[in-house]
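Novice: The sequence and its predicted three-dimensional model are supplied below.
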Amino acid sequence: MVRRGIKPLLVETVIKRKEKLLKALSFLDDSSKREIENIWNEFQIENRETPPPYTVAAVDGSRNSVLFAGYVVYAVGATSVLIVNGRKEESWESFSVDVDVLKPDEFSEARLRILMGILEFKELLKASKESNILLVDGSILGAILRPTVFNHELPQELKSLALELFSREEPELQEPICSKSLYGELASSPFITNSREYAATAGYLEYLEYLDTLRRLLESFPGDVVAVSKRSSSSLYRLSPSLSDVALLNAAQLPPGFSDPVDITLDQEKKFQFPDPFEEAFRGLSFITFFVKLKPGAPVLKVELLTGKRSVLLAEEKKEVCKKVLELLGYFEIDGYPWPLREVHELVKIKNGDVQELLNILKFQGITGREGLGE
């Protein structure tokens, strides 16, 4: 028998292992069910008709790129929408975008994540001047802690070089990405001896702008920042040694409601050190984190609510806060998800074809290294 391609073998393997695979996809046992019942609070959102009595802004970002042999052409962007009296404010239109080349391609994925984050935070800063509540796609806590690769990659002298260059600039909100203006000085520095060091130091420079923009947002915005994640790898409740909370909570087919809120303070991150200018700003920030389900059959979402510096709330106060967040998200819910976040996601999405069109405008056709495979 002559096979063409791998697919027939994959099908045969699934048929042979069907029972074992289905067992592996059965996440819940009686013990897990009891633990979930103990942390879940059923809550029906009663008022889905009266709009929230405040202005809500939703923000999201996007990135896409083409990897060529030795460099990357990228596009990043962010946008925001304003919701006034429950309706999108059509007069508000705000986008932040950047298209450029990363040379070399080392650390490009980490750098693109940071560049997109800078634009998202600047959009949040713009929208914060017009709104009382900021809805963010993803995790603010993760945004603060995630981009650490350059902390570990760089020796202290290169970190000091980046900090010195960054301290000369006063980042402007109007500029999409201010740290890019320092690339030339970075490249000519005698402390940079190879392309890997240049890419890592440039990434650290971008990381400083990322942290600076986030710091300005958190210090200047008097309202609430509510971050909503569709996916999460966190195990706040230690329900399983091998599965995240969200996987088990989705499998449990829970009624609408929320999980017991958990306090998270950045004091707990003892091993992580922010760059010197930002240690005081971020250390001690407190969050309430919990999971929500907005209607029957909807997916479970993770919510983070920034509560400030070392803020202490009683257990019942935290549950009341959770209910208010549920009512807010419930008013905007369509298919189990708040539509303002879906709106910005669709507006900002940068597709593969979009980047290819930009390359066509440039009349550029580079070498990717995959030409021999017909790709």
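Specialist: Received it, and whenever you're ready, just let me know what you need. Numbering: from 1, shown residues only.
Novice: And the average pLDDT for stretch 240-259 is what?
Specialist: Mean pLDDT, computed over stretch 240-259, is 88.
Novice: pull the helix or strand with minimum mean pLDDT from this structure.
Specialist: helix 149-153 (a mean of 81; mean pLDDT, DSSP states H and E).
Novice: got the buried residues for it?
Specialist: The neighbour-count check on helix 149-153 (16 or more other Cβ atoms under 10 Å) flags V149, F150, E153 as buried. All C-beta atoms are positioned from the backbone trio N, CA, C, and that covers glycine.
Novice: show me the contacts for the last one.
Specialist: If you count contacts by Cβ atoms under 8 Å, 6 or more residues apart in numbering, E153 has them with F107, A200.
Novice: mind checking how far it is from L358?
Specialist: Distance, E153 to L358, by Cβ to Cβ, to the nearest Å: 30 Å.
Novice: Point out where the stretch 201-350 of the chain drops to low pLDDT.
Specialist: Counting by pLDDT under 70, the stretch 201-350 of the chain contains low-confidence residues at 268-271, 308-314.
Novice: ok, residues contacting the following helix or strand past the least confident helix or strand of the chain?
Specialist: Sequence-wise, the next helix or strand downstream of helix 149-153 (DSSP states H and E) is helix 156-168. Residues outside helix 156-168 that contact it (Cβ under 8 Å, 6+ apart): 151, 154, 179, 182, 185-186, 189, 191-192, 197, 200-201, 204-205, 208-209, 212, 275-277.
Novice: and after helix 156-168, which helix or strand comes next?
Specialist: Assigned by DSSP H and E, the successor of helix 156-168 is helix 183-187.
Novice: Give the buried residues for that following helix.
Specialist: For helix 183-187, burial by neighbour count (16+ other Cβ under 10 Å) applies to Y183, L186.
Novice: So which other helices or strands are in contact with that helix?
Specialist: helix 156-168, helix 195-220 (3 or more Cβ pairs under 8 Å, 6 or more residues apart in numbering; DSSP states H and E).
Novice: and the spatially most central residue of the chain, what does it touch?
Specialist: Centroid-nearest residue in the chain: G138, 3.8 Å away (criterion: Cα atoms, centre = their mean). G138 makes contact with A227, V228, S229, according to Cβ under 8 Å, 6+ apart.
Novice: Sitting in strands, which of those do you find?
Specialist: In strands, defined here by DSSP state E, the members of the contacts of G138 are A227, V228, S229.
Novice: Can you lay out these as TSV showing neighbour count and distance to L236?
Specialist: Output for these, formatted as TSV (neighbours: other Cβ atoms under 10 Å; distance: Cβ to Cβ, whole Å):
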residue	neighbour count	distance to L236
A227	21	14
V228	21	16
S229	21	12
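Novice: In TSV, list the residues you listed along with distance to E90.
Specialist: Formatted as TSV, these follow (distance: Cβ to Cβ, whole Å):
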residue	distance to E90
A227	26
V228	23
S229	28
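Novice: Go through the residues you listed and say which is closest to K293.
Specialist: For these, the residue nearest K293 by Cβ to Cβ is V228; the value is 12.4 Å.
Novice: just checking, that closest one touches V300?
Specialist: No - using Cβ atoms under 8 Å as the test, V228 is too far from V300 to be in contact (11.3 Å).
Novice: before we move on, the earlier item: same list (the buried residues of helix 149-153) but as TSV, adding distance to A251.
Specialist: Shown next, in TSV, are those (distance: Cβ to Cβ, whole Å):
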residue	distance to A251
V149	33
F150	37
E153	38
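Novice: that older thread, next, give phi and psi for the residue nearest to the centre of the chain.
Specialist: Reported as degrees, to the nearest 10, the phi and psi values for G138 are phi 110, psi -150.
Novice: Equivalent analysis for I264, please.
Specialist: phi -130, psi 130.
Novice: Bridge partners for it, pull those for me.
Specialist: For I264, the residues forming beta bridges with it (DSSP bridges) are F287.
Novice: residue boundaries of the helices in the chain?
Specialist: Here the chain has its helices, by DSSP state H, at 7-16, 18-24, 30-39, 108-128, 140-145, 149-153, 156-168, 183-187, 195-220, 245-251, 276-282, 315-332, 339-348, 352-362.
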